[in-house]
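Peer 1: No letters, just coordinates:
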Ligand SMILES: Cc1cc2nc3c(=O)[nH]c(=O)nc-3n(C[C@H](O)[C@H](O)[C@H](O)COP(=O)(O)OP(=O)(O)OC[C@H]3O[C@@H](n4cnc5c(N)ncnc54)[C@H](O)[C@@H]3O)c2cc1C
C-alpha cells in the first residue's frame, strides 16, 4: 500500500539512471514524498550495454524495472512520463502527463549522442545509449553476416564483412573488441560460404591515441591488445561524411562498411536548457559546489547532465561512480536543507577507471596502480558484477558470461525487429563459392594496404 503523506515536502527526481536512483534510494528514510519520473520503465546498467549490442547478454540481464527496484520504498512513487521542461520560478515540472509541483527538484536525465551538427548521420551509424540502440546494433551486425553469406557480389560481401566503429573512447574500444571476437571466434562454424574470421573491424578516432583520457601507457596497451585480436586502429582520422554503408575519412578515403557504430560524442539532455541557467559547450548545467543551480537552491542537477568541477579544476567525467556519488550527496543536501542546516560541497572520491577489450583483455587505472590484460579484465568483471542492481541480474549475468567464456558462445545471437532487410543487391542464384575460394578472391580484390593500414 502506498503511504503518501500530503504534508511532507515533495522531492521530484527526473531520471532513474545511476544518479537519479541513488537520490531516490538515499531518501528512503527521509520525511519526504519522492516522485521518480522516467520515460523508460527500467533502470539500465549502461556499462554492459555493449554486451547486449554484441549478443553476449540479453536485455533483461542488464535492466531492471524501476517499480521493482523501489517496490519496498513506501515514500516513493514512479511515474512513466516524458519530461519536457521545468517552470523553475513556479516550482513545477512539465511532463507529457501534466505538471508536477515540487518543493525540491533533482534533474538527472543524462546525455544523448552528439553527431556534431550532422544529426542525419544517426540513421547510418546508430549510437549506444539505450536497450533499443543495443538491439538495433545487434540486428545490423548479425544481418551483415547473413548478407555476406548470401551475396555473390565481392564488393557487397567485403562491405558486409567490414565493421566500422567511430570513436576510440571506452565504448568504441569495447565494441570493436567484442565484434572482432564474434567474427574471429564465435561465428567461425556458423556459416558455409564465408569465413567470418576474414571480417575487418576498424576503429576510427580523431585523436592520436585510443582511450585518450587514460594514461599514455594504458592507451598504448589498449592499442596493442586491439591489434592482437585483429582490430585495425585508425587514429588521427576524422569522419567527414557518412552515408548508408560508407564513411569518408579526413584522408579522403571512403570505407565501405555495412555496419557502422557511432561512439564518438555526447551532449547533455536538452532539459538543462529549460532551467534558465548557464550551460557548458556540451550542454551540461554548470552547478554550484553543492550541486544546486545558481539562484535556486531547491533545484539540483547531477550525473552526466552536470558540469561539476573536480579537485583538479576540470569538470568531472561522465561516469557511473560520479553519478552515484552525486545522487547520494544530493539526497544528503536535501535533508540538510529540510532542517535548515548548511549544504555541503560535493567531493568526488575517484576509485579509478577501466575498459575491456574483448574476452580476457582490459586496461584499468586504480590511481595507485595500473593493470593491463587478464588481471585488468578480472578486476573489470568483479566490479561490474558487484555493481549490478539486483541479485537476480548478478547471477544471470555471471551465468551468461561463464557460458560465453567457456564455449566462445554468444547465446543472444537473435535477429529481431520489423525490418529483415537481408536481401543482397545481387542475390545468389547459384550457391556462392565455398569459404576458401572467397578468402582468395578477397585478397586479390582487396583495397591496397596503403589505403587503410592493416594490423
Ligand atoms: C555504452 C556505455 C558504456 C558505459 N560504460 C561505463 C563504464 O564502463 N563505467 C562507467 O563508470 N561509466 C560508463 N558509462 C557512463 C555511465 O553509464 C553514465 O555516466 C551514467 O549512466 C550517468 O548516469 P545518469 O543517471 O546521469 O544518466 P543515465 O544513466 O543516462 O540516466 C538518465 C535517465 O534519465 C531518463 N531520461 C532522460 N531524458 C528524459 C526525459 N526527457 N524524460 C524522462 N526521463 C528522461 C532516461 O530514460 C534515463 O533513465 C557508460 C555509458 C554508456 C552509454
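Peer 2: Noted; the coordinates are in hand. Everything numeric in this text was worked out from a predicted model, so none of it was measured.
Peer 1: use CA for all of it now, contacts and neighbours both
Peer 2: Fine.
Peer 1: how about the residues of this structure that lie near the ligand?
Peer 2: Selection of the chain residues close to the ligand by C-alpha under 6 Å from any ligand atom yields 14-20, 37-40, 43, 46-47, 49-50, 81-84, 108-111, 128-129, 171, 303-305, 318-321, 323.
Peer 1: could you redo the last one with a cut-off of 5 Å?
Peer 2: Proximity of the chain to the ligand, by C-alpha under 5 Å from any ligand atom, involves residues 15-19, 38-40, 46-47, 82-83, 109-110, 129, 303-304, 318-320.
Peer 1: In helices, which of these appear?
Peer 2: 18-19, 320 (DSSP state H).
Peer 1: Out of the residues you listed, grab the one that's most surrounded.
Peer 2: residue 19 (32 neighbours; other C-alpha atoms under 10 Å).
Peer 1: pretty sure it is touching residue 45, no?
Peer 2: No: using C-alpha atoms under 8 Å, residue 19 is not in contact with residue 45, being 11.8 Å away.
Peer 1: Let me see the contact set for residue 321.
Peer 2: Not one residue lies near residue 321 by C-alpha atoms under 8 Å, 6 or more residues apart in numbering.
Peer 1: And the residues of the chain next to the ligand, which of them are buried?
Peer 2: Buried members of those, scored by 16 or more other C-alpha atoms under 10 Å, are 15-19, 38-40, 46-47, 82-83, 109-110, 129, 303-304, 318, 320.
Peer 1: distance of the residue in the stretch 151-300 of the chain positioned nearest to the ligand from residue 35?
Peer 2: In the stretch 151-300 of the chain, no residue comes nearer to the ligand than residue 171, which is 5.3 Å away by C-alpha to the nearest ligand atom. Using C-alpha to C-alpha, to the nearest Å, one obtains 32 Å as the distance from residue 171 to residue 35.
Peer 1: which one of the two has more residues nearby?
Peer 2: Legend: neighbour count by other C-alpha under 10 Å for residue 171 and residue 35, higher for residue 171 (25 against 20).
Peer 1: In what element of secondary structure is the more buried one found?
Peer 2: Using DSSP states H and E, residue 171 sits within helix 170-181.
Peer 1: Tell me the helices and strands packed up against that helix.
Peer 2: Judged by 3 or more C-alpha pairs under 8 Å, 6 or more residues apart in numbering; DSSP states H and E, helix 170-181 is in contact with helix 49-53, strand 162-166, strand 200-204, strand 231-234, strand 353-356.
Peer 1: And residue 310, its phi and psi?
Peer 2: phi -90, psi -170 (degrees, to the nearest 10).
Peer 1: List the residues that contact it.
Peer 2: Residue 310 neighbours (C-alpha under 8 Å, 6+ apart): 316, 347-348.
Peer 1: By neighbour count, which of those residues wins?
Peer 2: The most crowded member of the contacts of residue 310, judged by other C-alpha under 10 Å, is residue 316 (19 neighbours).
Peer 1: Need the pLDDT of it.
Peer 2: For residue 316, the pLDDT comes out at 96.
Peer 1: Same check on the one 5 residues further on?
Peer 2: Here the pLDDT value assigned to residue 321 is 94.
Peer 1: In the stretch 351-455 of the chain, which residue sits closest to the ligand?
Peer 2: For the stretch 351-455 of the chain and the ligand, the shortest gap (C-alpha to the nearest ligand atom) falls at residue 355, measuring 6.2 Å.
Peer 1: Please name the bridge partners of that residue.
Peer 2: Residue 355 forms beta bridges with residue 363, as assigned by DSSP bridges.
Peer 1: List the contacts of it.
Peer 2: Contacts of residue 355 by C-alpha under 8 Å, 6+ apart are 170, 173-174, 362-364, 380.
Peer 1: residue ranges with poor pLDDT in the chain?
Peer 2: 1-5, 388-393, 404-409, 411, 418-455 (pLDDT under 70).
Peer 1: any idea how far residue 21 is from residue 292?
Peer 2: Here the criterion is C-alpha to C-alpha. By it, residue 21 lies 18 Å from residue 292.
Peer 1: go on, residue 221?
Peer 2: Residue 221 is 40 Å from residue 292, by C-alpha to C-alpha.
Peer 1: out of these two, which sits in the busier spot?
Peer 2: residue 292 (26 against 18).
Peer 1: Spit out the contact partners of the more buried one.
Peer 2: 298-301 are the contacts of residue 292 under C-alpha under 8 Å, 6+ apart.
Peer 1: Look at residue 315 and say how many residues are nearby.
Peer 2: 13.
Peer 1: before we move on, what about residue 275?
Peer 2: 20.
Peer 1: My guess is it contacts residue 86. True?
Peer 2: Yes: shown here, residue 275 and residue 86 form a contact pair, counting by C-alpha under 8 Å, at 6.3 Å.
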